[in-house]
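Quick check, what structure comes out for this input:
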Amino acid sequence: MFENGSDKTDSVDCSPHAGENYAEAKERILEQFSINYFSELLKQSNGNHALAAKTAGISRVTLYKIISKYGLDKTV
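This is a model prediction of the structure:
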């Protein structure tokens, strides 16, 4: 769940968009994956950032940066 109240998309759209080159498509797909992955991870950890970071194999600082970058709900 995003802070703005919208829900995440469960699937990632891997089809090329008109005029989109490989690098642009890769960035878009990676962003969609990251949003889905970390939203679900935060839900599964009941909002416990230390547990979510440990599960993902990243530091809490990195997790906070990802939460901020994608506007994920910190209080899941």
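
gap between the residue located most distally from the centre of the chain and Ala25?
Distance to the chain centre peaks in the chain at Gly19, reaching 24.8 Å (criterion: CA atoms, centre = their mean). Taking CB to CB, to the nearest Å as the measure, Gly19 falls 11 Å from Ala25. All C-beta spots, glycine's among them, are computed from the backbone N, C-alpha and C.

center of this structure - which residue?
Ile35 (1.9 Å).

Where does pLDDT dip in this protein?
Applying pLDDT under 70 to the chain flags the ranges 1-10, 74-76.

and with 50 instead?
Applying pLDDT under 50 to the chain flags residues 1-2, 4, 6.

For it, which segments are assigned as helices?
In the chain, the helices defined using DSSP state H lie at 22-44, 49-56, 60-70.

Going by contacts, tell me the helices and strands next to the longest one.
Read that as helix 22-44. Helix 22-44 sits against helix 49-56, helix 60-70, with contacts defined as 3 or more CB pairs under 8 Å, 6 or more residues apart in numbering; DSSP states H and E.

neighbours of Ser11, just the number please.
7 (other CB atoms under 10 Å).

how near is it to Ser39?
According to CB to CB, Ser11 and Ser39 sit 13 Å apart.

Among the helices and strands packed on helix 22-44, which comes closest to Ile29?
With CB to CB as the criterion, Ile29 lies closest to helix 60-70 of the helices and strands packed on helix 22-44, at 13.9 Å.

any chance of the helices and strands packed on helix 22-44 in TSV, plus distance to Leu30 and mean neighbour count?
What follows is those, written out as TSV (distance: least, CB to CB, whole Å; neighbours: other CB atoms under 10 Å):
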stretch	distance to Leu30	mean neighbour count
helix 49-56	15	15
helix 60-70	11	14
